[in-house]
Structures are given as C-alpha cells and as structure tokens.
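[1] Need coordinates for the below:
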Amino acid sequence: MLLLCVCVVLWNVVTVVSDQRSLSFIQHSSSFLIAPESVVKCRNQPWCTSVFCATSCLADLSCRSISVKVTGSDECLHHNVTSSDPSASVTVHSEWVTYDKAVAQDCTELGNQGWTTNSGVYSVYPFSASSTPVSVFCQLDSGHWWTVIEKRADDTLTFSRPLAEFIQGFGSPNSSHWLGLDVIHAMTSSATYELRAKVEADDGNTYYARYSGFSVDSSAADYALRYTDFIEGTAGDALSSFRNARFAGNDHVDGCSGCRSGWWVYAHNGCCYDNPNSVMDGAAAWSSFDDLFLVHFELMVRQTRN
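    Numbers count the residues shown, from 1 in each chain. Presented below is the predicted three-dimensional model:
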C-alpha cells in the first residue's frame, strides 16, 4: 500500500483549464496526504501535468483528490479520500500541492462547476459529500445539464420488478436504467427541480413534457410523486393522475388488475394500469395520448434554484 499525505496550509478554490473546460478544485498548497489508498498515475513524463491529473481523476469514481509535484520531476497521485476525511493524515511538504475534487450532488452542479462538456456518465454525491458516489448520465439538452433518472430504450431491460429493486435502482446509466428511488429522493429533496419527460411514440415522433417543483418523497411517504405545475409540452400532462400518489412495484396488490411494472399508482383509486414502464408491446403509455404507445422513454431532472 502506498501511503501519501494531503495537508492544508492555504485553502482557495482554483480552476484547471483543459480544452475550454474549467475544473473546480479546492487547493491545499504545500501539502502531502497519507491516504488509505493512493495511486501513482504518472511520473517523469511530459504529459504528466496538473490538467492530466485532474481530468483522469474526473473519469475515476474512486478518485476523491489529487496531488501534483510542483518541483523536480513531474508526478501525479490519485487518492481515494479528501484531505478532510478522518482516515487521512496531513503534513507540510513544499514540493507538492493537493487538490480536493469538487463534489456535486447532480449534473446541474457538475455543469456549473465546469466538470462536464459532453453528455456522458459522471459521478455525483446526492446523499452527502462523504458518501459513496453514484454514477449518473448527464445530458446536455436545451442549454441545461440534466440528470437522467430513467431511460427506456427498448424492452431489453425489464421494468416489471418488485418495489425493492426500484428503491435500489437497476440497469446501467449508459443505457436503459432506473436511478433508484432513494437516490432520486435525496437529490430532489435538497433543492428545487424541474422534471422533463421525453416520449418517443410509435407514430415516429418525439414529444416532451415539463414540470416545475418536482420531487420524490421519502420511504415513509411511500416515495410519493410531488410537483408544483405542469409547465408545457407537446406530450401533454400525463402526471396529473399520479400527483401525490405512492410508488408501487409489480409486487403491489391493488384490488384491480395488479401492477405489471413499477410506477406511481393512480391517485384517485390506488390502482395500477398501463403506464410508461409497462412492456413496449402496445401497453407502455403516456396517459395524455389517445392511441399512441411508447417505444422510447426518458425522465430527467435539473436544479432550478437552491
């Protein structure tokens, strides 16, 4: 095990610029960190720069901070903790500078910090800065950075699952997936969010719907769907039937026909009918459509204010 150290002498927020990207870090000058796990990413190479060290840390979910040697030979180190972690110990070292990786709870914050320039999978910290990171797909759309909380590209990944799996989340953020009710709740309970639904129908067209004040309630409230208003959208308002309703999986008994897939139950009777997560064989539906069914479906959220 390689033991290195990060310590704080001077704190300030700095940016490392690479290909028009400004990466936010908290700088700890003249510092060296002893971490439970540290990895030498490069040494004595012309490309072993602070920019390389930062961008490679961004791509590594386990990287929480970096150390860059500023005198003598070039060297870059990745650490699995930040300098404030209780498992880290610190000391002064004039040849090194350490940077704590900026922590964001969602893709909106990543975009604001300059971490994202292309849509793709990134790590965020919706529970707390010291929690285990969560992999999410960040989508740049309409000039805003959105966190994708659901994507259904086809029926390859089934959404006919019990509630426990919807709480945990499943699938891959690179393709079809459900982010997880606990993650969505943690994220949307800490700020004000807008929800955007992207609906591709079997008529070959793509439709949208936007909602303000979106959130998912806690487990104590059965992960109820909350939102303030339907803003606008060519898909129409299909969520009004589920407003303030609880979430259910296919293990839910409703007194009607039972749930074929996980979604919020109808608020007026607590029943499960065909919904966007039903099988895509003429059953998956956006209820504001009369005769159209879904062939692709996405839900994404973005912060509108703290």
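[2] remind me which residues of the stretch 151-300 of the chain are low pLDDT?
    253-259, 267, 270, 273-274, 281-283, 290 (pLDDT under 70).
[3] Please enumerate the helices of it.
    163-168, 181-188 (DSSP state H, counting those that start in this stretch).
[4] Can I get the shortest one as PDB, trimmed to CA atoms?
    Taking Å, rounded to 0.1, in the frame of the first residue of the first chain, the C-alpha atoms of helix 163-168 are listed here in PDB:
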ATOM      1  CA  LEU A 163     -40.600  -2.200  -5.200                       C
ATOM      2  CA  ALA A 164     -37.300  -3.100  -3.500                       C
ATOM      3  CA  GLU A 165     -35.500  -3.000  -6.900                       C
ATOM      4  CA  PHE A 166     -36.900   0.400  -7.700                       C
ATOM      5  CA  ILE A 167     -35.700   1.700  -4.400                       C
ATOM      6  CA  GLN A 168     -32.200   0.400  -5.100                       C
END
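[5] Determine the set of other helices and strands touching it.
    helix 181-188, strand 247-248 (3 or more C-beta pairs under 8 Å, 6 or more residues apart in numbering; DSSP states H and E). Where C-beta positions appear, they are placed from N, C-alpha and C, glycine not excepted.
[6] Pipe those into a markdown table and attach mean neighbour count per row.
    Formatted as a markdown table, the helices and strands packed on helix 163-168 follow (neighbours: other C-beta atoms under 10 Å):
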| stretch | mean neighbour count |
| --- | --- |
| helix 181-188 | 23 |
| strand 247-248 | 24 |
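[7] R64: which of these is closest?
    Among these, the nearest to R64 by C-beta to C-beta is helix 181-188 (19.0 Å).
[8] contacting residues around that closest one?
    Helix 181-188 has contacts (C-beta atoms under 8 Å, 6 or more residues apart in numbering) with 105-106, 126-127, 134, 147, 149, 166-169, 193, 214-219, 223, 247, 301.
[9] so of the residues you listed, which ones are in strands?
    Judged by DSSP state E, the subset of those located in strands is V134, T147, I149, Y193, F214, S215, V216, F247, V301.
[10] can you pick the most crowded of the residues you listed?
    Sorting the ones in strands among the contacts of helix 181-188 by how many neighbours each has (other C-beta atoms under 10 Å) puts T147 first, at 31 neighbours.
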